[in-house]
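**Q** only geometry, no sequence info:
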Ligand code: NAD
Ligand code: TDX
């Protein structure tokens, strides 16, 4: 199968592509990625070091380009059996600083992908986020596939806009499309702007973890490799037109994640100095929770990496791969400090 992965050089994309190349026989993968600021290092050059002879790379092609550039996108879609659309601006905090970029990339990028798959009749899997539903109170509720859209940040609104286009194009033009909505991913190759890798790398630098506001906010965490397995299960066995929820069944507050990071690693800072509370995120969503039982029942998929083990492995990965993140660290922290975070 020929798979085109837009945004394939980002966090989830890199993990998905590496998983495909090493797991699925006869797969051919093309990545289209603009290598925006969300990309710190060329992950494929990085991942190939030491495994250049590995024949899986014969099945891989990288194209640097913008998903909105139809001259680049259309021929790649034409040569594919399925498109997995991950390309997006992905960080809530930066969406507060530059909303135009998020709407342009996430809405217009998805429009370009839809027009391309419509033109060539190619199957599409569109990747979305639980944030399109807005947030839940701390003590009750869970999102299902029929929950109303109620996004609260420019990022989540742009993802919601993209999802609406996907559903409208699917119905109006009878396109072969599936859509998935995932909860918070963590694992290797995640940009250090995001919560868990930021805290791990702060500790590795000998500085405390930085919690927004009180730290009571809750996310449902899923290891990225569990997400990747779900994506492939949908691409190969999902029902066209359907939306699949992919959660980790693992709701944890940010304070408790910080405690777990502290517990699962060996750090130079004493525990009493390991956390500081910083300015809260404006409009900060309180809690997300996804009910993925229908995905499990239909596709036989379930998350299987326990959080403590996943966090431990993630700490080990960032400890052993300083070269991957070190260069971006100072600039990322400078950007945060300007926000009081
Ligand atoms: P990421 O920022 O690490 O990766 C996004 C990739 O898209 C980057 O490689 C970037 O260079 C690329 N990109 C951005 N603009 C582009 C453009 N105009 N043309 C081509 N490529 C472009 O983000 P991620 O965490 O890997 O997220 C991937 C997708 O999954 C996004 O659509 C995101 O909304 C969704 N998602 C992420 C999570 C999560 O927890 N990380 C959860 C649910 C859904
Ligand atoms: O330094 C921090 N301190 C902190 O307390 C950072 C970076 C974050 N936080 C909090 C904010 C959130 O409550 O941690 C939580 C997680 O923050 P992010 O990693 O920024 O993730 P979130 O905003 O929940 O969005 C993520 O999940 C859904 C991804 O970034 C999105 O791309 C995805 O769609």
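**A** Sure thing, it's come through. It should be emphasised that the depicted structure is a prediction, and the values quoted were computed from it without experimental measurement. Numbers count the residues shown, from 1 in each chain. Ligands and ions are numbered 1, 2, ... in the order given.

**Q** What is the lowest-mean-pLDDT helix or strand in the chain packed up against?
**A** Of all helical and strand segments in the chain, the minimum by mean pLDDT, DSSP states H and E falls on helix 43-48, at a mean of 88. Helices and strands touching helix 43-48, by 3 or more Cβ pairs under 8 Å, 6 or more residues apart in numbering; DSSP states H and E, are helix 11-23. Where you see a C-beta, it was placed from the backbone N, CA and C, and this is true even at glycine.

**Q** Could I get the full set of helices for the stretch 1-150 of the chain?
**A** Along the stretch 1-150 of the chain, the stretches classed as helices by DSSP state H, counting those that start in this stretch are 11-23, 43-48, 70-78, 92-97, 99-103, 109-120.

**Q** How about the shortest one and ligand 2, any contact?
**A** No. Using Cβ under 6 Å from any ligand atom, helix 99-103 never reaches ligand 2; the gap is at least 10.7 Å.

**Q** now for that helix, which elements pack on it?
**A** Judged by 3+ Cβ pairs under 8 Å, 6+ apart, the packing partners of helix 99-103 are helix 154-173.

**Q** which outside residues touch the helix it packs on?
**A** Here helix 154-173 makes contact (Cβ atoms under 8 Å, 6 or more residues apart in numbering) with 88-92, 95-96, 99, 102-103, 105-107, 109-111, 114, 118, 124, 126, 128-129, 131-132, 134, 149, 151, 175, 177, 179, 241, 285.

**Q** Just the buried residues of these.
**A** Buried by 16 or more other Cβ atoms under 10 Å: 88-92, 95-96, 99, 102-103, 105-107, 109-111, 114, 118, 124, 126, 128-129, 131-132, 134, 151, 175, 177, 179, 285, out of the contacts of helix 154-173.

**Q** Check those one by one and keep those near ligand 1.
**A** For ligand 1, the contacts drawn from the buried ones among the contacts of helix 154-173 by Cβ under 6 Å from any ligand atom are 88, 89, 90, 105, 109, 129.

**Q** Could you tell me which residues of the stretch 101-250 of the chain lie near ligand 2?
**A** Counting by Cβ under 6 Å from any ligand atom, the stretch 101-250 of the chain comes close to ligand 2 at 129, 131, 184, 194, 195, 198, 210, 211, 212, 217, 219.

**Q** With residue 245 as the reference, measure out to the residue nearest to the second one when sequence neighbours are not counted.
**A** Put plainly, it is residue 131. Once flanking residues are discounted, residue 131 sits nearest to residue 156: 3.7 Å by Cβ to Cβ, 6 or more residues apart in numbering. To residue 245, residue 156 is 16 Å away according to Cβ to Cβ, to the nearest Å.

**Q** Looking at the two, which is more packed in?
**A** The neighbour comparison of residue 156 against residue 245 (other Cβ atoms under 10 Å) goes to residue 156, with 26 against 22.

**Q** Out of the residues of the stretch 101-250 of the chain next to ligand 2, which two are the most distant from each other?
**A** 129 and 210 (22.6 Å; Cβ to Cβ).

**Q** Run the contact check for stretch 1-9 versus ligand 1.
**A** Yes. Applying Cβ under 6 Å from any ligand atom, one finds stretch 1-9 in contact with ligand 1 at 6, 7, 9.

**Q** Pick the one among these closest to ligand 1.
**A** Of all the residues of stretch 1-9 next to ligand 1, residue 7 has the smallest distance to ligand 1: 3.0 Å, by Cβ to the nearest ligand atom.

**Q** neighbours around the closest residue in space to the closest one that isn't next to it in sequence, how many?
**A** Nearest residue to residue 7, sequence neighbours excluded (Cβ to Cβ, 6+ apart): residue 87, at 3.2 Å. For residue 87, the count of nearby residues is 29 (other Cβ under 10 Å).

**Q** Residue 87 and residue 260: what is the separation?
**A** From residue 87 across to residue 260, the span is 31 Å (Cβ to Cβ).

**Q** Could you do residue 174 as well?
**A** Residue 174 sits 46 Å away from residue 260, going by Cβ to Cβ.

**Q** Looking at those two, which is more packed in?
**A** A direct count of neighbours by other Cβ under 10 Å for residue 174 and residue 260 places residue 260 higher, at 20 against 11.

**Q** OK, contacts around the residue nearest to residue 315 when sequence neighbours are not counted?
**A** Spatial nearest neighbour of residue 315, chain neighbours left out: residue 265 (4.4 Å); criterion: Cβ to Cβ, 6+ apart. Shown in contact with residue 265 (Cβ under 8 Å, 6+ apart): 200, 203, 312, 315, 319.

**Q** of the residues you listed, closest to ligand 1?
**A** Closest to ligand 1, out of all of these and judged by Cβ to the nearest ligand atom, is residue 200, at 15.5 Å.

**Q** Chain neighbours aside, what residue packs nearest to that closest one?
**A** residue 318 (4.8 Å).

**Q** No further questions, thank you.
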